[in-house]
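1. Mind folding the following:
(one chain, ligands or ions: 2)
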Amino acid sequence: MASATPTAPAAAPLTQTNVDYDPNIVIETQNLTKVYSDFWGRSKVRALKGLDLEVRKGEVFGLLGPNGSGKSTTIKLLLGLLFPSGGRATIFGKPTTEVSKNERIGYLPEESYLYRFLTAEETLDFYGRLFDMPSSVRRERAAQLIEKVGLKWARRRPLKEYSKGMTRRIGLAQALINDPDLVLLDEPTSGLDPLGTREMKDLILELKEQGKTVVMCSHLLADVQDVCDRIAILYQGELKELGRVDELLEVTNQQQIRVEGLTPDAQAKIAEILATSGGKMLDVSSPKNTLENLFLDIVRESQNRPGARGIIGSGDDNGNR
Ligand SMILES: Nc1ncnc2c1ncn2[C@@H]1O[C@H](COP(=O)(O)OP(=O)(O)O)[C@@H](O)[C@H]1O
Ligand SMILES: [Mg+2]
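-> Numbers count the residues shown, from 1 in each chain. Ligands and ions are numbered 1, 2, ... in the order given. As a prediction, this is how the structure comes out:
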């Protein structure tokens, strides 16, 4: 009997939009792999090992991992700035090597590459030209974005005079010049002080509200926790965890009750009731503010009342506790 050898269907060449393209899946990677070679073409670093991911329309997706875990490599592969050594990736159903997809993408690189002698206005005008925007649209869009990222006061200063935080903000404005549907942000909060970090996080949440899809990578855990719907944790180029942030962080075998005016007597009674159903009171303590919130409260208080020593939460108006 002739044995039918099943021949695998040849993989469709990825030169055009995939016919099975689901518009709710903005990014898809399959077994995406990157090995950097040295000058002689010898494999040197396995930076990304078989990454399988899906990023959905309208979500803020975080790539989290320590330095060198392959986050920037992943973003560059998605942008088509690097070629994969194996596997494949599509954006809006198109292969990442297809240039036309870039019209719908904004990118904030890890390191600034902006021209140091241009002002903020000139910088945005320059990038608007690259997208063939007419001059009136460029002007309007640049003014809007400069205002949005809080740089109106410095819009006519050359970027070489900008601090790291200001450079990050103009970088974000540049990434948004083409009103992209997908924004890729590589360490968006790096170099920003807590106030700048909060503003950057608010801007990211605003992008989400506008229906945009955001992929950001960071090694700063709090930043990712605050803005991301789902995260992928990378370690040494491998995907270690993937899921919704709220679900990953939930301690499912414990519950929490928040109360006001708890007396020792009431606490003892609650412990008794719990014990009757096999429960146990583990911890009674006051909830803690985060250092970030405390800092932001102090800064805002100082802005509202310059000169006063701001004591948040306790003490009188003279700063006495
Ligand atoms: N151009 C390159 N040539 C060789 N190795 C590289 C290059 N870029 C990154 N790497 C290496 O690949 C690994 C992942 O780097 P990267 O993607 O930049 O990590 P992350 O952004 O998570 O810090 C690291 O070990 C890094 O040293
Ligand atoms: Mg990086």
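2. With adjacent residues omitted, what lies nearest to P109?
-> Among residues not flanking P109 along the chain, D186 sits closest, at 5.5 Å (Cβ to Cβ, 6 or more residues apart in numbering). The way it works is simple: take the backbone N, C-alpha and C, and place the C-beta from them, glycine included.
3. how close does that neighbour sit to ligand 1?
-> With distances taken as Cβ to the nearest ligand atom, to the nearest Å, D186 is found 7 Å from ligand 1.
4. what about that residue, how many neighbours?
-> 22 (other Cβ atoms under 10 Å).
5. begin at 56 from here
-> New numbering, starting at 56: the last item is D241.
6. List phi and psi for it.
-> Dihedral pair for D241: phi -100, psi 110, per degrees, to the nearest 10.
7. List the contacts of it.
-> 126-127, 130, 162-165, 271-272 (Cβ atoms under 8 Å, 6 or more residues apart in numbering).
8. For these, point out the one with the lowest pLDDT.
-> Lowest pLDDT among those: E165, with 90.
9. Spell out which residues of the chain are next to ligand 2.
-> 126-127, 165 (Cβ under 5 Å from the ion).
10. what do you get if the cut-off is 8 Å, keeping everything else the same?
-> Residues of the chain that fall close to ligand 2, judged by Cβ under 8 Å from the ion: 122-123, 126-128, 130, 165, 241-242, 272, 274.
11. Give me the subset of the residues you listed lying in strands.
-> Counting by DSSP state E, the residues of the chain next to ligand 2 place 241, 272 in strands.
12. Make a PyMOL selection of whichever of the residues of the chain next to ligand 2 turn out to be buried.
-> PyMOL command restricting these to the buried ones, with burial defined by 16 or more other Cβ atoms under 10 Å:
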select buried, resi 126+127+128+130+165+241+242+272+274
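13. Which ones among the contacts of D241 map onto helices?
-> 126-127, 130 (DSSP state H).
14. give me the subset of those residues touching ligand 1.
-> The subset of the ones in helices among the contacts of D241 within reach of ligand 1, by Cβ under 6 Å from any ligand atom, is 126-127.
15. Let me see the contact set for T268.
-> Contacts of T268 by Cβ under 8 Å, 6+ apart are 81-82, 110-116, 236-238.
16. let's see 7 Å
-> T268 is in contact with 81, 110, 112-114, 236-237, counting by Cβ atoms under 7 Å, 6 or more residues apart in numbering.
17. which of those residues are buried?
-> So, by 16+ other Cβ under 10 Å, the buried ones in these are 81, 110, 112-114, 236-237.
18. Excluding sequence neighbours, find me the nearest residue to whichever residue of the stretch 156-305 of the chain sits closest to ligand 2.
-> Using Cβ to the ion, the closest approach of the stretch 156-305 of the chain to ligand 2 is made by E165 at 4.9 Å. Spatial nearest neighbour of E165, chain neighbours left out: D241 (4.2 Å); criterion: Cβ to Cβ, 6+ apart.
19. Show me what the one you found bridges to in the sheet.
-> C272 (DSSP bridges).
20. quick one: it from L118, how far?
-> 9 Å (Cβ to Cβ, to the nearest Å).
21. Run a quick check on Y182 versus Q229, I expect a contact.
-> Yes. The criterion here is Cβ atoms under 7 Å, and Y182 meets it with Q229 at 5.2 Å.
22. list the contacts for S273?
-> Going by Cβ under 7 Å, 6+ apart, the list of residues near S273 reads 117, 119, 242, 244, 279.
23. separation between the second one and ligand 2?
-> If you measure L119 against ligand 2 using Cβ to the ion, to the nearest Å, the figure is 11 Å.
24. Isn't that residue up against I288?
-> Yes. Between L119 and I288 there is a contact under Cβ under 7 Å: 5.0 Å.
25. what is in contact with these two at once?
-> What both L119 and I288 touch, as defined by Cβ under 7 Å, 6+ apart, is an empty set.
26. the more surrounded of the two?
-> Neighbours per residue (other Cβ under 10 Å) separate L119 from I288, with L119 holding more: 24 against 18.
27. ok, the more buried one - contacts?
-> Counting by Cβ under 7 Å, 6+ apart, L119 has contacts 273, 279, 286, 288.
28. Kindly recompute the last result at 8 Å.
-> Taking Cβ under 8 Å, 6+ apart, one finds 126, 272-274, 276, 279, 286-289 in contact with L119.
29. Next: E109.
-> 80, 82-84.
30. quick revisit: confidence-wise, which of the contacts of S273 comes last?
-> V279 (87).
31. still on that earlier bit, mind checking which of Y182 and Q229 has more residues around it?
-> Q229 (25 against 21).
32. how about that one, secondary structure?
-> The local conformation at Q229, judged by DSSP: H, G, I helix; E, B strand; the rest coil, is helix.
33. how about the helices in the stretch 106-255 of the chain?
-> Secondary structure of the stretch 106-255 of the chain (DSSP state H, counting those that start in this stretch): helices at 126-134, 175-185, 190-203, 219-230, 249-264.
34. Would you point to the one among these that's packed deepest?
-> helix 126-134 (a mean of 23; mean count of other Cβ atoms under 10 Å).
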